[in-house]
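Chemist: All I have is the shape, not the residue letters:
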């Protein structure tokens, strides 16, 4: 435990992914070296602007993720049709089995440490469930904490929940320790934010002309459907 970093002031921030090529309407070359701060952010913002999404800022330099609380209704109204392109648009949202969950998840940060972990590949807003499971986990052996891949692992060492570094191997490396009660508090705040985002989504769906139960659809898009 001596080498582990104790995290205080934990925060889980709901974020959604604005992948630039989804929004781009021009043939732009992605900056060499990936998400290098200055070049990447200019490229990312130019791609989003092609679809009318402007004045957004990523949660972290070089990232595609945006804090849901920082997205205006106008920005969401322009972005949502882009998010829905691959599933057939608004018309396909009536089918409960084909509704997508918006890509993204929860960004883990802590006091004096800033952002520690962002969602990884294939994660979406339903990732709240993984963190809820983590807050109640008392197993002594490593268990996956899914945030996409690579992922985290977790195990309980009284009184701490130990989190690994990101990995895809069978040999997680312990990195952080958190108080489960602090994690539960962070989850409560994150869930409240997701509920607000769901309500915002429902309003945008109605404004876009969706004829149906906009709240039910927004609940699914925000990853809040309970099975």
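Modeler: Received it, and whenever you're ready, just let me know what you need. The shown structure was predicted, so the numbers you read here are calculated from the model rather than taken from an experiment.
Chemist: Find the residue at the geometric middle of the protein.
Modeler: residue 105 (2.1 Å; CA atoms, centre = their mean).
Chemist: which non-adjacent residue is nearest residue 8?
Modeler: Excluding its sequence neighbours, the residue lying closest to residue 8 (CB to CB, 6 or more residues apart in numbering) is residue 111, at 5.2 Å. In short, each C-beta sits where N, CA and C put it, glycine included.
Chemist: Only the buried residues of stretch 59-78, if you could.
Modeler: In terms of neighbour count (16 or more other CB atoms under 10 Å), stretch 59-78 has its buried residues at 59-60, 63-68, 71, 75-78.
Chemist: which among those gets closest to residue 6?
Modeler: Set against residue 6, the nearest of these by CB to CB is residue 60 (22.3 Å).
Chemist: Now that closest one: phi and psi?
Modeler: According to degrees, to the nearest 10, the main-chain angles of residue 60 amount to phi -150, psi 140.
Chemist: Tell me the spacing between it and residue 119.
Modeler: Taking CB to CB, to the nearest Å as the measure, residue 60 falls 12 Å from residue 119.
Chemist: Report the set of residues contacting both of those two.
Modeler: Common contact partners of residue 60 and residue 119 (CB atoms under 8 Å, 6 or more residues apart in numbering): residue 107.
Chemist: helices or strands up against the worst-scoring helix or strand of the chain on mean pLDDT?
Modeler: Least confident helix or strand, the chain: helix 37-50 with a mean of 90, by mean pLDDT, DSSP states H and E. Judged by 3 or more CB pairs under 8 Å, 6 or more residues apart in numbering; DSSP states H and E, helix 37-50 is in contact with helix 20-23.
Chemist: how about the helix it packs on: buried residues?
Modeler: Buried-residue list, helix 20-23, by 16+ other CB under 10 Å: 20, 22-23.
Chemist: same check, this time on stretch 37-53
Modeler: For stretch 37-53, the neighbour count (16+ other CB under 10 Å) marks 40-41, 43-45, 47-48, 51, 53 as buried.
Chemist: Residue 90: which of these is nearest?
Modeler: residue 51 (15.8 Å).
Chemist: Would you quantify the distance from the closest residue to that closest one other than its chain neighbours to residue 74?
Modeler: Once flanking residues are discounted, residue 51 sits nearest to residue 23: 4.3 Å by CB to CB, 6+ apart. Residue 23 is 15 Å from residue 74, where distance means CB to CB.
Chemist: Following the chain onward from the lengthiest helix in the chain, which element is next?
Modeler: Taking DSSP state H as the criterion, the chain has its longest helix at helix 180-207. As assigned by DSSP states H and E, the chain's next helix or strand after helix 180-207 is helix 214-221.
Chemist: Show me where this protein dips below the pLDDT cut-off.
Modeler: 1-2, 33-36, 226-227 (pLDDT under 70).
Chemist: can you give me the strands for it?
Modeler: 5-6, 11-17, 65-67, 104-110, 114-117, 143-145, 152-157, 160-164, 174-178 (DSSP state E).
Chemist: I'd like to know which of those is closest to residue 83.
Modeler: Comparing the strands of the chain against residue 83 with CB to CB, the closest turns out to be strand 11-17 (8.0 Å).
Chemist: Run the chain-centre distance for the closest one.
Modeler: Strand 11-17 sits 4 Å away from the centroid of its parent chain (CA atoms, centre = their mean, to the nearest Å).
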